[in-house]
Each structure stands twice: as structure tokens, then as C-alpha cells.
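In: Predicted model follows, preceded by the sequence.
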Amino acid sequence: MLCFLNFSVMIAYEVINLKSTADRIKEAMDVRNMKQADIIEKTGINKGALSSYISGKYEPKQTNTYKLAKALNVDVAWLMGLDVPMEPSSTTTAAELSSKLRKDAQAQRLLQYFYELSDINKDRIMDIMEALSEKEEG
């Protein structure tokens with residue numbers, strides 16, 4: 001009975017979890033044109049751990065899964081292999097953002113400056129903005 005239950009759980013897992021985290025990391029790296037060094041720099045995950053995730057030897061813990069998803073700009077559930085869109089879900093639609101942007105000169109200037117920054121500085125600005133947003137919410 002226990003053997004049958006384990007087999008059923010394995011089948012259910014395979015149906016729900018379509019791809020491995022390792023496959024998804026590789027796919028996202030390819031789509032985003034990123035190298036392991038880029039991910040290491042953005043996440044702080046050490047090279048050995050990242051290599052073991054990419055090879056499929058180990059699964060990343062929750063914290064590192066989140067860091068990887070953020071660095072790769074993908075949905076966490078997608079990274080874990082679930083059948084959801086790759087792009088991270090957003091609560092604000094593109095149409096809503098576009099409408100707000102047309103009405104806000106300060107936001108237009110901010111966006112213009114943002115596009116002139118290097119990728120590293122864009123990441124720094126995003127981290128600062130997220131921290132400020134969390135402070136205002138809390």
C-alpha cells in the first residue's frame with residue numbers, strides 16, 4: 001500500500017511539475033542571455049551552489065529560489081517547474097502604467113534617466129525603489 005501511495009505521489013508530482021528547476025534556470029539564462037557570473041553577482045549565491053542547481057544535483061532552498069527568480073526576472077512558480085507563464089506576474093497592467101505615465105511628467109523624467117543607466121545601476125535603482133516602497137507600506 002505504501003509503495004502504491006509513493007508511486008501515485010510521484011505521478012502527481014510529474015504531472016504538476018512539468019520541468020525541473022535546473023531546466024528552467026538554464027532556459028531563463030538562455031532567454032535572458034545571462035551567464036553564471038551574472039547570476040552570482042545579482043544573487044550572492046556562490047558558484048558551487050549555482051552549478052549544483054543548474055546541473056540538477058541539488059534543488060535551491062526557498063530563499064535562493066526567490067533570488068534566482070528575481071535575478072532572472074521570471075515567475076517563482078515557473079522557475080520551480082510549474083505550468084505558469086515565465087514572466088513574473090504583475091498587479092499593474094501595461095495599459096494602466098502607460099496611462100499613468102502619460103499624465104505624470106516626473107515619472108516620464110524618471111523613466112528617461114532610468115533608460116540611460118547601465119544594467120548594474122538599473123539593478124541598484126530597483127533595489128533602492130523596492131526598499132523605499134517596503135518602508136512606506138510598513
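Out: Received it, and whenever you're ready, just let me know what you need.
In: surely D75 meets S89?
Out: Yes. Using CB atoms under 8 Å, D75 makes contact with S89 at a distance of 6.0 Å. Any C-beta I mention is one placed from the backbone N, CA and C, and that applies to glycine too.
In: out of the two, which sits in the more crowded spot?
Out: More neighbours surround D75 than the other of D75 and S89, with 17 against 10 (other CB atoms under 10 Å).
In: tell me how far the ends of stretch 39-48 are from each other?
Out: Terminal residues of stretch 39-48 are spaced 12 Å apart (CA to CA, to the nearest Å).
In: what helix or strand does the most centrally placed residue in the chain sit in?
Out: By CA atoms, centre = their mean, the chain has its centre lying nearest to A69, at 2.1 Å. According to DSSP states H and E, A69 maps onto helix 62-72.
In: Packing partners of that helix?
Out: helix 21-31, helix 36-43, helix 47-55, helix 76-79 (3 or more CB pairs under 8 Å, 6 or more residues apart in numbering; DSSP states H and E).
In: most packed of the ones you listed?
Out: For the helices and strands packed on helix 62-72, the largest average neighbour count (mean count of other CB atoms under 10 Å) is found in helix 76-79, namely a mean of 19.
In: Return the list of helices and strands in contact with that helix.
Out: helix 21-31, helix 62-72.
In: pLDDT below threshold where in the chain?
Out: Along the chain, segments meeting pLDDT under 70 span 1-18, 90-96, 137-138.
In: As CSV, the helices and strands packed on helix 62-72 with distance to Q62 would be great.
Out: Shown next, in CSV, are the helices and strands packed on helix 62-72 (distance: least, CB to CB, whole Å):
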stretch, distance to Q62
helix 21-31, 12
helix 36-43, 14
helix 47-55, 13
helix 76-79, 9
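In: Select, out of those, the one closest to L110.
Out: helix 36-43 (22.2 Å; CB to CB).
In: hmm, back to that, among the helices and strands packed on helix 62-72, which comes closest to Q108?
Out: Closest of these to Q108 is helix 36-43, at 27.6 Å (criterion: CB to CB).
In: what's next to the closest one, contact-wise?
Out: The contact list for helix 36-43 (CB atoms under 8 Å, 6 or more residues apart in numbering) reads 29, 45-47, 50-51, 54, 64, 67-68, 70-72, 123.
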